[in-house]
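**Student:** coords below, sequence missing:
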């Protein structure tokens, strides 16, 4: 975790967040690092933003609440905790959340089988599960794959389990928001973990890339992005 905190503190820069230039202070750094340790809350915050809610508040068991105010008219987001606050443009907020996700979210091993959250599935994926199984399971074949324009990345390329990749069936492009739980984790060891944290994540931060989930208003993902 210390390596991830170091990557977060060096990766969060004005250049990464984009114009207008802003100061990166301890509030922004600490706020994001805390969210990074609360993956479920991170998803809920962004889901609320995508669905046009006016605000979101997270009250931890210990400590002050984390507050988010989404102003779609002025196209900005206000982060608040205690007597401190910080105003980001919507684009900066998306990149801020994307960087938190990039650095702190777990990257599941290849070969993992995960259950998708049915409430968050877009229509084109729901069509693949017409038989309405109690669990919607997919097999992960690739992770953090460059988008078509190589400006951002797709979290996972997957197929419907237990069928796998099939002729004339397009692989599924899955983002972290859709993953409900891991049913069966793929093979991992120290080498695999080191690759993810020391190579994969650092390369994406250096390229200033984030998941395409954070690059547009509706959270959709496509190789057209």
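**Tutor:** Received, thanks. All of these numbers come straight from a predicted model, not from anything done at the bench.
**Student:** grab the most central residue of the chain for me.
**Tutor:** For the chain, the residue nearest the mean C-alpha position is residue 101 (4.2 Å; Cα atoms, centre = their mean).
**Student:** from the contact counts, what lies against the one helix or strand that residue maps to?
**Tutor:** Residue 101 belongs to helix 90-104 when assigned by DSSP states H and E. Counting by 3 or more Cβ pairs under 8 Å, 6 or more residues apart in numbering; DSSP states H and E, the packing neighbours recorded for helix 90-104 are helix 2-11, helix 14-17, helix 26-36, helix 39-50, strand 76-81, helix 201-206. Just so you know, the C-beta spots here come from the backbone N, C-alpha and C atoms, and that holds for glycine as well.
**Student:** out of those, the one nearest residue 213 is which?
**Tutor:** In terms of Cβ to Cβ, the element of the helices and strands packed on helix 90-104 nearest to residue 213 is helix 39-50, at 7.8 Å.
**Student:** and that closest one, what does it pack against?
**Tutor:** helix 26-36, strand 55-58, strand 66-71, helix 90-104.
**Student:** got the angle between that helix and strand 76-81?
**Tutor:** Orientation check (axes from the mean of the first three to the mean of the last three Cα atoms, to 10 degrees): helix 39-50 against strand 76-81 gives 150 degrees.
**Student:** buried ones in helix 39-50, by neighbour count?
**Tutor:** 39, 41, 42, 43, 45, 46, 47, 48, 49, 50 (16 or more other Cβ atoms under 10 Å).
**Student:** stretch 9-28: end-to-end distance?
**Tutor:** The straight-line separation of the ends of stretch 9-28 (Cα to Cα, to the nearest Å) is 10 Å.
**Student:** show me which positions of it end up buried.
**Tutor:** For stretch 9-28, by 16+ other Cβ under 10 Å, it's 9, 11, 12, 16, 17, 22, 28.
**Student:** for residue 145, see how far away residue 36 is.
**Tutor:** Noted for residue 36: a distance of 22 Å to residue 145, by Cβ to Cβ, to the nearest Å.
**Student:** quick one, which of the two is more surrounded?
**Tutor:** Remark: of residue 36 and residue 145, residue 36 carries more neighbours, 21 against 14, as counted by other Cβ atoms under 10 Å.
**Student:** distance of that one from residue 27?
**Tutor:** Residue 36 sits at a distance of 15 Å from residue 27 (criterion: Cβ to Cβ).
**Student:** residue 105 now?
**Tutor:** Distance from residue 105 to residue 27, by Cβ to Cβ: 22 Å.
**Student:** just checking, next helix/strand downstream of the worst-scoring helix or strand of the chain on mean pLDDT?
**Tutor:** Lowest on mean pLDDT, DSSP states H and E among the helices and strands of the chain sits helix 123-126, with a mean of 69. As assigned by DSSP H and E, the chain's next helix or strand after helix 123-126 is strand 137-146.
**Student:** that next one: which residues count as buried?
**Tutor:** Of the residues in strand 137-146, 137, 138, 139, 140, 141, 143, 144 count as buried by neighbour count, 16+ other Cβ under 10 Å.
**Student:** okay, and the residue located most distally from the centre of the chain sits in which element?
**Tutor:** Residue farthest from the centre of the chain, counting by Cα atoms, centre = their mean, is residue 167 at 29.6 Å. Assigned by DSSP H and E, residue 167 falls within no helix or strand.
**Student:** so, low pLDDT: which residues of this protein?
**Tutor:** Applying pLDDT under 70 to the chain flags the ranges 1, 124-126, 128-133, 216-225.
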